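**Q** This is the structure alone, sequence omitted:
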Ligand code: KIV
């Protein structure tokens with residue numbers, strides 16, 4: 001059965017923890033969907049992980065649309081969350097709505113944007129029009145130029161500000177809020193305070209759900225990775241080994257074999 005925002009509300013109420021993973025292509029999305037991953041985020045991290053940019057900032061709405069459509073084509077049950085890239089929602093609530101609607105038209109079931117009180121008007125416009133919206137607070141990569149080198153957000157007085165932002169997003173209609181790179185105590189505090197689900201990435205075990213970037217989870221991303229990353233596979237080695245074995249087979253005349261030939 002397709003996952004809906006009502007499922008997240010029920011999981012929150014039952015204190016049932018859940019996961020979200022990023023996905024950027026149809027084949028991987030299908031594997032994750034069949035594995036039962038309930039939420040797939042077509043994050044603007046596609047900029048770093050697929051397109052080779054240094055940050056998420058260059059990602060365009062057209063790129064987000066292409067990858068969101070691909071993921072949506074691979075999925076049957078998971079909720080597909082399309083990410084609004086930098087510059088696609090900040091100018092006005094009307095523009096934010098137009099771009100969110102484009103993501104929904106290519107298959108997103110929900111959209112995500114960064115920022116708290118500054119994004120609340122845009123969130124309200126979208127939710128009133130029937131588009132489920134996920135917020136994103138803490139270290140928000142689209143603000144990397146403004147943040148400088150300090151990654152962990154929400155320490156000291158910033159914690160109260162972040163909580164106020166989270167409340168504003170909930171008030172504006174967000175069905176969930178991603179919390180990135182904040183102290184674990186603050187992650188738990190925001191999760192307690194909100195009626196809607198929190199999804200943590202470097203925000204401690206107190207969040208309702210946890211999200212990881214798929215290339216980090218699979219061990220494709222080279223070192224150094226952020227502290228919160230846990231690798232569940234070593235695809236860098238697997239891919240390198242497969243490519244090396246292929247080259248060796250060809251060099252030694254073992255590939256193609258009789259079973260790989262047409263007659
Ligand atoms: O773009 C992305 O992958 C994200 C996650 C880090 C939550 O926003």
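**A** Yes, it's here. Model, not experiment: these values are computed from the prediction.
**Q** how about the residues of the stretch 151-263 of the chain near the ligand?
**A** Residues of the stretch 151-263 of the chain lying close to the ligand (C-beta under 6 Å from any ligand atom) are 178, 180, 201, 211, 213. C-beta here means a position set from N, CA and C on the backbone, and glycine is covered the same way.
**Q** if we go to 5 Å?
**A** 178, 211 (C-beta under 5 Å from any ligand atom).
**Q** quick one: the strands in the stretch 151-263 of the chain?
**A** Assigned by DSSP state E, counting those that start in this stretch, the strands in the stretch 151-263 of the chain fall at 176-180, 197-201, 209-212.
**Q** Give me the mean pLDDT for the first one.
**A** Averaging the model's pLDDT scores along strand 176-180 yields 98.
**Q** now the shortest one
**A** Per-residue pLDDT values over strand 209-212 give a mean of 98.
**Q** OK, contacts around the residue in the stretch 51-200 of the chain that the ligand sits nearest to?
**A** Using C-beta to the nearest ligand atom, the point where the stretch 51-200 of the chain gets nearest to the ligand is residue 178, with a distance of 4.8 Å. Contact analysis of residue 178 by C-beta atoms under 8 Å, 6 or more residues apart in numbering lists 112, 134, 135, 136, 137, 138, 198, 199, 200, 201, 211.
**Q** Over to residue 37?
**A** 19, 20, 21, 78.
**Q** Surely the last one and residue 39 touch.
**A** Yes. Here residue 78 lies in contact with residue 39, judged by C-beta atoms under 8 Å, at a distance of 6.3 Å.
**Q** Residues in contact with both of those two, list them for me.
**A** residue 3.
**Q** Can I get the strands of the stretch 151-263 of the chain in TSV including distance to residue 96?
**A** Converted to TSV, the strands of the stretch 151-263 of the chain look like this (distance: least, C-beta to C-beta, whole Å):
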stretch	distance to residue 96
strand 176-180	17
strand 197-201	21
strand 209-212	22
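**Q** Let me see the mean pLDDT of stretch 121-131.
**A** Across stretch 121-131, pLDDT averages out at 98.
**Q** Which residues belonging to it are considered buried?
**A** Buried residues in stretch 121-131, counted by 16 or more other C-beta atoms under 10 Å: 122, 123, 124, 125, 126, 127, 131.
**Q** ok, and of the residues you listed, which contact the ligand?
**A** Okay, of the buried residues of stretch 121-131, nothing touches the ligand (C-beta under 5 Å from any ligand atom).
**Q** Please name the residues that touch residue 220.
**A** Neighbours of residue 220 in contact, by C-beta under 8 Å, 6+ apart: 49, 235, 236, 239.
**Q** Please identify which of those is nearest to residue 9.
**A** Using C-beta to C-beta, residue 49 comes nearest to residue 9 of the contacts of residue 220, at 30.2 Å.
**Q** need the contact list for that closest one.
**A** 22, 24, 213, 214, 215, 220, 221.
**Q** Which two of these have the greatest separation?
**A** Of all pairs in these, the most separated under C-beta to C-beta is 24 and 221 at 13.0 Å.
**Q** who's more crowded, those two?
**A** Of the pair residue 24 and residue 221, residue 24 is the one with more neighbours under other C-beta atoms under 10 Å, namely 23 against 20.
**Q** ok, residue 133 - contacts?
**A** Contacts of residue 133 by C-beta under 8 Å, 6+ apart are 100, 110, 111, 112, 113, 123, 126, 127, 172, 173, 174, 175.
**Q** Reformat the residues you listed as a markdown table; add distance to residue 206.
**A** Formatted as a markdown table, the contacts of residue 133 follow (distance: C-beta to C-beta, whole Å):
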| residue | distance to residue 206 |
| --- | --- |
| 100 | 29 |
| 110 | 23 |
| 111 | 26 |
| 112 | 21 |
| 113 | 24 |
| 123 | 24 |
| 126 | 28 |
| 127 | 26 |
| 172 | 23 |
| 173 | 24 |
| 174 | 19 |
| 175 | 19 |
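**Q** nearest residue to residue 145 other than its sequence neighbours?
**A** residue 57 (7.2 Å; C-beta to C-beta, 6 or more residues apart in numbering).
**Q** Which pLDDT value goes with that neighbour?
**A** On the pLDDT scale, residue 57 is placed at 97.
**Q** next one: residue 20
**A** Looking at residue 20, the pLDDT reads 99.
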